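>>> what's the 3D shape of this:
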Amino acid sequence: MLDAIEHATIATVSAQGQPWNTPVYFARERMSLYWTSRADAQHSINIRDNGHAFIVIYDSSRQDASASAAYIEAQVSELTDQKAIEKGLGLVYTRRGKPTPRAAEFCEPSRHRVYHAAALRVWTNVLHADVETPWDERIEIVLGDA
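Model prediction:
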């Protein structure tokens with residue numbers, strides 16, 4: 001599912017405690033997610049302020065089913081190292097099927113940046129549909145070398 005879905009919803013919180021939620025196009029490498037955003041976007045500001053996000057990836061086009069969503073508590077950072085930026089851009093633009101831009105286009109003075117989310121905890125859902133009132137249960141996925 002993580003390789004089929006192209007957009008994730010990133011939830012962040014401002015320094016003043018204001019919640020913010022935004023969709024991003026992402027690429028994945030193991031339990032790391034990468035995306036590009038403007039540095040002046042509210043979620044990017046929130047990430048700079050506290051480095052935390054809660055990410056949900058799900059397929060809204062299909063019926064509710066077990067394992068149709070991933071919930072990720074993550075440590076997030078704006079990439080500044082050129083090699084890390086190149087890696088993130090390579091993953092995102094390869095997934096898009098487009099040429100990878102130069103890393104310099106995602107550093108000062110540009111407003112565009114590359115972000116990396118390292119999963120701290122991950123859950124999926126299990127649908128209990130064999131009862132009168134179906135319900136979802138989150139099950140934590142043990143992170144190893146996934």
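>>> rest of the way, CA atoms for contacts and neighbours
Will do.
>>> quick one: low-confidence ranges for this protein?
61-67, 145-146 (pLDDT under 70).
>>> what's the single longest helix in it?
In the chain, taking DSSP state H as the definition, the longest helix is helix 82-96.
>>> what comes up buried for that helix?
Across helix 82-96, burial judged by 16 or more other CA atoms under 10 Å covers 85-86, 88-93.
>>> so how far is it off the chain centroid?
Taking CA atoms, centre = their mean, to the nearest Å, one finds helix 82-96 lying 14 Å from the centre of the chain it belongs to.
>>> and the next helix or strand past that helix?
With elements assigned by DSSP states H and E, the helix or strand that comes after helix 82-96 is strand 112-128.
>>> between that next one and helix 82-96, how many degrees?
Orientation of strand 112-128 against helix 82-96 (axes from the mean of the first three to the mean of the last three CA atoms, to 10 degrees) gives an angle of 60 degrees.
>>> mind listing what's buried along strand 112-128?
For strand 112-128, by 16+ other CA under 10 Å, it's 112-119, 121-127.
>>> give the contact list for the residue lying closest to His7 once chain neighbours are set aside.
Leaving aside its sequence neighbours, His7 sits nearest to Tyr25 (CA to CA, 6 or more residues apart in numbering; 4.5 Å). Contact partners of Tyr25, counting by CA atoms under 8 Å, 6 or more residues apart in numbering, are 6-8, 35-36.
>>> go through those residues and name the one nearest Glu140.
Ala8 (18.5 Å; CA to CA).
>>> could you dump the contacts of Tyr25 to TSV with distance to Thr80, secondary structure and neighbour count?
TSV is the format used below for the contacts of Tyr25 (distance: CA to CA, whole Å; DSSP: H, G, I helix; E, B strand; the rest coil; neighbours: other CA atoms under 10 Å):
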residue	distance to Thr80	secondary structure	neighbour count
Glu6	24	coil	19
His7	23	strand	18
Ala8	22	strand	22
Trp35	14	strand	22
Thr36	13	strand	23
